[in-house]
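1. I'll drop the sequence and a predicted model, then ask my questions.
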Amino acid sequence: MSRICLGWQFAPGPGDPGPAPVRPAGEPATALEAGWVRAQRQIARNLARPARIGGVACAGAGALAAAGWLAGLVGGALAGSAGLGAAVGAAACAASAWRGSRRLNAVLAGERRRVAAVAAAWSRDLAAGHAAHARAYRAWQRRAARSGQRPRWLAVPLPDGVNRLDVAGGTLAGWSALLTTIAAPALGAGGEVTVLDLTEGAVASDLVRLAERSGQAPLVWVLPADLPGLDLGLGLATPAFADVLALAAGAAGTDRPGRASGAGGLADADLAADCALLERVLGVLGPEPGIAAVTAALRALADVGDPLSDVRSGLLTMGQLSQIGTLFGRGAAQRVVIERAWLLESRLRRLDALGTGRVPGAASRLRVAALDRRAAVIGNRMLGTYIVAVLTQMLRAEPPGEPWRHTLFVLGAERLACDVMDVLADACETSRTGLVVGYRAIPAGVRERLGRGNAAIAFMRLGNGDEARAASDLIGSVHMFVVGQLTDTVGTSVTDTVADSYTSTVGSSASVARSYSVSRGTGASRGRGASRQAWSAPFGGFNRSASRDVSLSAGESGTASITDGISDGTSWALSLSRASGGSVSRGVTVQRSRELRTEPGELQRLPPTAAIVSYPAPDGPMVLLVDANPAIMTLPRVADSQA
């Protein structure tokens, strides 16, 4: 059997290839701009205007000189000089104009070369751009092809080894989508699907219509109206059938479903007693009796109604009636038996029509048993328990098969006793039948059993806040990230300081100093000089001189000093100081924070077809968000759900 698909996850893949690359624009115009050429010529004319005017003036001056010479007004030398000057000026002006023309031609030629170089560079860049565009366009085509072939939705299969899926929460529309998503591929792969719809909301209607359109003939029973066409459980052995009827009767008296039988309904001792009573009654009736015969025997045992009418209708024979009358003897025990028989008959009489009509003979791989919301509440509760108990006995008798070859859906299981579901889960695990259990609500008994054993849990929308918090705790928590704590401290401090000091100082000092010095000196110098002028002349002379000097010095000095002093001082001081200061400290403390994987508010806001799937994995619990919308199967780029 292929793997079971729970839903799909969106896979963005390589992403949208985006728009196609834009081809580079063509090269610009390569010719000179006529306006620029006109502007350059106008500038050249403006610059050459003085030369032109000067040339005209020189020509006019030469003409006037020639005319004056011809008229005899000026001499030939003057006229020639004037004509020569005019010719030189005209030549200079003509040379200036010629140079301006050459400059203009050079500028125009340079601009033509520049435009040609720019055009060549543009051509090279354009060719390189076209080549790069071609490469980018081919790469874009490859990305677009890969994006068109890659699936956008990937199937989320049930992990190998998981034999049960518990669905907590959800709406009727969400359950219908999940049922179709899981069952349709299983039926397409040749598997068998049995749906027990206890929600009274026709959850399997979409799956039935899909199976009919695909050419299959599903078997559908809407209970209790279709009880005559359902023979489920009539072929069981006597002990198993008695056990089934006892559980069904006990469920009819349970006022609080979703609990163990001993907690909310009949006690375990009562169930055992009922099972023993029914087993003895079935032993009297023989093999494969109908439910109507069982209830007739219980009426006869309880002495209710007219037993002979049941004999006349063929439900009992006179021999069976007499055996039932002597089955439990007389006395106080008989009163207890009569009371229990009356209770069992009042609860099981709703099953009298079971298998009394035409039962479909053709087998089908899709079987649906749904409760009608127009029926009685207690009767529907008893019917649901009866079918689950019968399926449990049938699965316990089957040999182990291929895992998930047969998938059993029990939707609305919170209406059943928890121990009944426990026995069914054990039977499915032994026979390797895939079991999908749906709970609209998760009371305490259900909460204890979610994910028990080797099971996965799918949490759908939970409107109740308490149930959402419970589901969030079941999903678990993890160290998601680090939270920083910020601490601010602001304080002010005031300090006063007072100081008092007294100082007294008395002192005396004396000093004596003497100094004496004597100095003497004697000096003598002698010199002789004489000067005599013998003769004088304009270019020379002769003189002679002599001098004599004698000096003598002597000195004596003495100093004496005496110093005597007394000092006395007193000081007193008082100081007062006040200091005021403010301090601000800021500290950051980092600590690990344990966060919930899924917040309760998110569970309350889930879309109808969304489910948070949690299942055990080697590296820890795996949590995935899937979309169980069956319409995703019809999209063009969806991975095979059985891949």
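-> Right, received. Where do you want to start? Residues are numbered from 1 along each chain as shown.
2. And for the host helix or strand of V222, what's in contact with it?
-> Assessed by DSSP states H and E, V222 sits inside strand 219-223. With C-beta atoms under 8 Å, 6 or more residues apart in numbering as the test, strand 219-223 has contacts from 204, 208, 226-227, 229-230, 360, 364, 366-372, 375, 380, 383. For the C-beta atoms, the positions are set from N, CA and C on the backbone; glycine is no exception.
3. chain center to it: distance?
-> 44 Å (C-alpha atoms, centre = their mean, to the nearest Å).
4. and if you look at stretch 81-89?
-> 98 Å.
5. what does that stretch contact?
-> In contact with stretch 81-89 (C-beta under 8 Å, 6+ apart) are residues 54-55, 57-59, 61-62, 64-66, 74.
6. now swap in stretch 98-111 and tell me
-> 32, 36-37, 40-41, 44, 47-48, 51.
7. Whichever of the residues you listed end up buried, select them in PyMOL.
-> Selection of buried members from the contacts of stretch 98-111 for PyMOL, criterion 16 or more other C-beta atoms under 10 Å:
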select buried, resi 40+44+48+51
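8. Format the contacts of stretch 98-111 as CSV; extra columns: secondary structure.
-> Below are the contacts of stretch 98-111 laid out as CSV (DSSP: H, G, I helix; E, B strand; the rest coil):
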residue, secondary structure
L32, coil
W36, helix
V37, helix
Q40, helix
R41, helix
A44, helix
L47, helix
A48, helix
A51, helix
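9. quick one on the thing from earlier: inside helices: which ones of the contacts of strand 219-223?
-> Using DSSP state H, the subset of the contacts of strand 219-223 located in helices is 208, 380, 383.
10. What's the local residue count around T407?
-> Residues within reach of T407, counting by other C-beta atoms under 10 Å, total 22.
11. that's a helix at it, yeah?
-> No. Using three-state DSSP, the secondary structure at T407 is strand, not a helix.
12. That one contacts A186, correct?
-> Yes. Checked against C-beta atoms under 8 Å, the pair T407 and A186 is within contact range at 5.5 Å.
13. which residues are common contacts for those two?
-> 4, 193.
14. Excluding covalently adjacent residues, which one is nearest to G170?
-> M460 (3.2 Å; C-beta to C-beta, 6 or more residues apart in numbering).
15. Measure how buried that neighbour is and give me the count.
-> 25.
16. shouldn't it be in contact with G174?
-> Yes. Between M460 and G174 there is a contact under C-beta under 8 Å: 5.1 Å.
17. hey, what's in contact with both of those two?
-> 608, 610-611.
18. quick one: low-confidence ranges for the stretch 451-600 of the chain?
-> 477-596 (pLDDT under 70).
19. which stretches of this structure have low pLDDT?
-> In the chain (pLDDT under 70), the answer is 1-2, 12-16, 26-30, 146-151, 253-269, 329-333, 477-596, 637, 639-643.
20. Pop the domain breakdown of the protein in here.
-> 13-149, 155-219+365-486+593-643, 235-353 (automatic domain parsing).
21. How far does the longest one sit from its chain's centre?
-> Looking back up the chat, that one is domain 155-219+365-486+593-643. Worked out by C-alpha atoms, centre = their mean, domain 155-219+365-486+593-643 lies 26 Å from the chain centre.
22. same thing with the last one?
-> When distances are taken as C-alpha atoms, centre = their mean, domain 235-353 is centred 60 Å away from the chain's centroid.
23. Scan the shared contacts of M460 and G174 and report the most crowded one.
-> A611 (29 neighbours).
24. if we look at stretch 4-13, which residues are touching it?
-> Contacts for stretch 4-13 (C-beta under 8 Å, 6+ apart): 147, 150-158, 165, 178, 181-182, 185-186, 404, 407, 434, 458, 609, 611, 613, 624-629, 632, 638-639, 641-642.
25. and the residues you listed, which of them are in helices?
-> Short answer: these in helices (DSSP H) are 147, 178, 181-182, 185-186.
26. my guess is A471 meets L462, correct?
-> Yes. Counting by C-beta under 8 Å, A471 does reach L462; the two are 5.6 Å apart.
27. Need the residues touching each of those two.
-> With C-beta under 8 Å, 6+ apart, A471 and L462 have common neighbours 168-169, 442, 603.
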